[in-house]
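> Based on what follows, work out the 3D shape:
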Amino acid sequence: MTDITPSIIWFRRDLRLADNPALCAALAGGRPVIPVFIHDESVESLGAAPEWRLGLSLASLARDLEAVGSRLILRRGTALEVLRTLVAETGAGAIHWSRLYDPQAITRDKAVKSALREGGVDAQSHAGHVMFEPWTVETKTGGFYRVYSPMWRAVKDREVASPLSAPSRIPAPETWPASDTLDDWRMGAAMRRGAEVCLPYQRVGEAAAMDRLHAFADGAIADYKDARNFPAVDATSNLSENLTYGEVSPRQCWHAGQRALHAGAQGAEHWLKELVWREFAYHLMYHTPHILSGNWRTDWDAFPWSEDEEHPEVIAWKQGRTGEPFVDAAMREMYVTGKMHNRARMIVASYLTKHLMTHWKIGLAWFADCLTDWDPASNAMGWQWAAGSGPDAAPYFRVFNPETQLDKFDPKGAYTRRWIAEGQRTPPATALDYFEAIPRHWALDPAMTYPGRVVDLARGRQRALDAYEARGF
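Predicted structure coming up:
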């Protein structure tokens, strides 16, 4: 006989139907399945842009579920309380979810699993957000990898399971529990007028993510290794936002990259390396969670970074008015699109932490508020890599020169013209949109004169080098 006791699938950062092991487990045995998303403290803590973008993804998932005969139940509160209430209301005998790897989620999920099991509920966590579980990749001497290159060599030939198919139908319970309304959560409230500007640049949901993956694998991946560093060229997958919310899985990406590689796309291997770079960030967050809030290399704790968020130079950096076109274009790209080209992220982070001698935590927090593709592991590792305090860090004495970097990677000025309006007789809409997206109290408009440099590049570089030398680095 078929067990008609329903199962609950607790969605978090796995907002898709295909290649979702937790969903497949919930469907096992033909049980009715109740999909749930909980607006708990982890959602409350999100910055403006990621919370707004998460809301868009939830709306898309709800539509996808309706297309297969199901629906998404929304509840607000602490995870354990909400799940216990749903068990009492529905008689659910099992709850499934995909694992997360940040310390707060680990603490929460362990407590939830323990309490539910004590109450007689079969609580199960599953893989899905990374390709390789952090405890399954070890060095030859034991322990986790602290350097990327040997980790890549260790996993590049590992078997990655084929993605699971999406269900064509999800059995529904006889009675659905009550649900909150997504609009009532007002997940985009903190975005204010920026949401309207940013919306056209989002590619939301599972179908859009798969279309994006297939288009990249069939085209731009071939030239990815060389072209990816030029921010004016559409040469990257742009899948960061979709991976962040689990609208596409890393396994789906890996297999698409492998197919392209075997078909002769020369740039595919480098893209596969970037997927493992993401894995590296998650493994480090799992094994050394202090990377999220403190220097990964503790010998940097005494480094004299400024933590003055209101310093005029930091305000100029936030506003995209440092007088460095590469830095300013990148910051403005972020306000308009919710994302920033990876080469530009390195320049922006190096400039803040080295030329301005400002703590990477300030940049990390600003990105966490402004990026629609914000990812806790990648954001933390990226900032500490650029600052020199993190794993696999750029040599601390390497100070990116935003002027020479611009000459190299935007030689015709296409990127800066796209995002900086000041000084152009007829600036493009992309550059003008920056003034529509930013807070009104910044009181900026395109008729203003483009600012001079807030810091001389040679002087800023030397100041950083002197600080390194003074501390024996």
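> Tell me, how many residues neighbour residue 263?
By other CB atoms under 10 Å, the residues close to residue 263 number 12. C-beta coordinates here come from the backbone N, C-alpha and C atoms, glycine included.
> Got the confidence number for it?
Residue 263 is assigned 97 on the pLDDT scale.
> What are the phi and psi values at it?
phi -90, psi 0 (degrees, to the nearest 10).
> From residue 222, how far off is it?
Here the criterion is CB to CB, to the nearest Å. By it, residue 263 lies 9 Å from residue 222.
> do residue 47 as well
When residue 47 is compared with residue 222 (using CB to CB), they lie 35 Å apart.
> Next one: the residue nearest the centre of the chain from residue 104, what distance?
Central residue of the chain (CA atoms, centre = their mean): residue 375, 2.8 Å from the mean position. Between residue 375 and residue 104 the distance is 15 Å, computed by CB to CB.
> Check residue 189 too.
Taking CB to CB, one finds residue 189 at 23 Å from residue 104.
> Can you list the buried residues in stretch 466-473?
Using 16 or more other CB atoms under 10 Å as the test for burial, stretch 466-473 gives residue 467.
> Can you report the mean pLDDT over the residues of it?
81.
> How about stretch 297-315?
Here the average pLDDT along stretch 297-315 is 95.
> right, and the residue nearest to the centre of the chain touches residue 243 too?
Yes - with contact defined as CB atoms under 8 Å, residue 375 reaches residue 243; the gap is 7.5 Å.
> what residues do the two have in common as contacts?
Counting by CB atoms under 8 Å, 6 or more residues apart in numbering, the common neighbours of residue 375 and residue 243 are residue 278.
> What about the nearest residue to residue 193 once chain neighbours are set aside? Give its phi and psi, please.
For residue 193, ignoring the flanking residues on the chain, the nearest one in space by CB to CB, 6 or more residues apart in numbering is residue 436 at 6.7 Å. Per-residue torsions, residue 436: phi -80, psi -20 (degrees, to the nearest 10).
> Next, the contact list for residue 436, please.
193, 196-197.
> Also residue 155?
By CB under 8 Å, 6+ apart, the contact set of residue 155 is 131-132, 137, 276, 279.
> Out of those residues, which sit inside helices?
276, 279 (DSSP state H).
> Export the contacts of residue 155 to CSV and append columns for pLDDT.
Listed next are the contacts of residue 155 as CSV, based on pLDDT from 0 to 100:
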residue, pLDDT
131, 97
132, 97
137, 96
276, 98
279, 98
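> Which residue ranges of this protein form strands?
For the chain, the strands defined by DSSP state E occupy 7-11, 33-39, 73-76, 94-98, 122-126.
> can you list the ones you listed in JSON lines and add mean neighbour count and distance to residue 357?
Shown next, in JSON lines, are those (neighbours: other CB atoms under 10 Å; distance: least, CB to CB, whole Å):
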{"stretch": "strand 7-11", "mean neighbour count": "26", "distance to residue 357": "42"}
{"stretch": "strand 33-39", "mean neighbour count": "24", "distance to residue 357": "39"}
{"stretch": "strand 73-76", "mean neighbour count": "19", "distance to residue 357": "42"}
{"stretch": "strand 94-98", "mean neighbour count": "24", "distance to residue 357": "40"}
{"stretch": "strand 122-126", "mean neighbour count": "18", "distance to residue 357": "43"}
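> between these, which one is nearest to residue 175?
For the strands of the chain, the distance to residue 175 is smallest for strand 33-39, at 10.2 Å, taking CB to CB.
> Can you tell me the strand partners of the closest one and which way each runs?
strand 7-11 (parallel), strand 73-76 (parallel) (DSSP bridges).
> Of the ones you listed, give the one that comes closest to residue 202.
Among these, strand 7-11 sits nearest to residue 202 (CB to CB), with 18.9 Å.
> how far out from the middle of the chain is the closest one?
Averaged C-alpha coordinates place strand 7-11 at 23 Å from its chain's average position (CA atoms, centre = their mean, to the nearest Å).
> Give me the neighbour count for residue 373.
Residue 373 has 23 neighbours, counted by other CB under 10 Å.
> Would you agree it is in contact with residue 341?
No - the pair residue 373 and residue 341 fails to qualify as a contact (CB under 8 Å) at a distance of 11.5 Å.
> Residues contacting stretch 301-309, please?
Under CB under 8 Å, 6+ apart, the answer for stretch 301-309 is 294-295, 314, 353, 356-362, 389, 467, 471.
> sorry, back to before: what's the spacing between the residue nearest to the centre of the chain and residue 240?
7 Å.
> do the same with residue 321
In terms of CB to CB, residue 321 sits 26 Å off from residue 240.
> Would you mind putting the CA coordinates of stretch 187-198 into CSV?
Extracted C-alpha coordinates of stretch 187-198, given in CSV (Å, rounded to 0.1, in the frame of the first residue of the first chain):
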residue,chain,number,x,y,z
MET,A,187,11.0,41.4,0.3
GLY,A,188,11.9,44.3,-2.0
ALA,A,189,11.0,47.1,0.3
ALA,A,190,14.7,48.0,1.1
MET,A,191,15.5,48.3,-2.6
ARG,A,192,13.1,51.3,-3.0
ARG,A,193,13.4,52.8,-6.4
GLY,A,194,16.4,50.7,-7.3
ALA,A,195,14.2,47.6,-7.8
GLU,A,196,12.6,49.0,-11.0
VAL,A,197,16.0,49.9,-12.5
CYS,A,198,17.6,46.5,-11.6
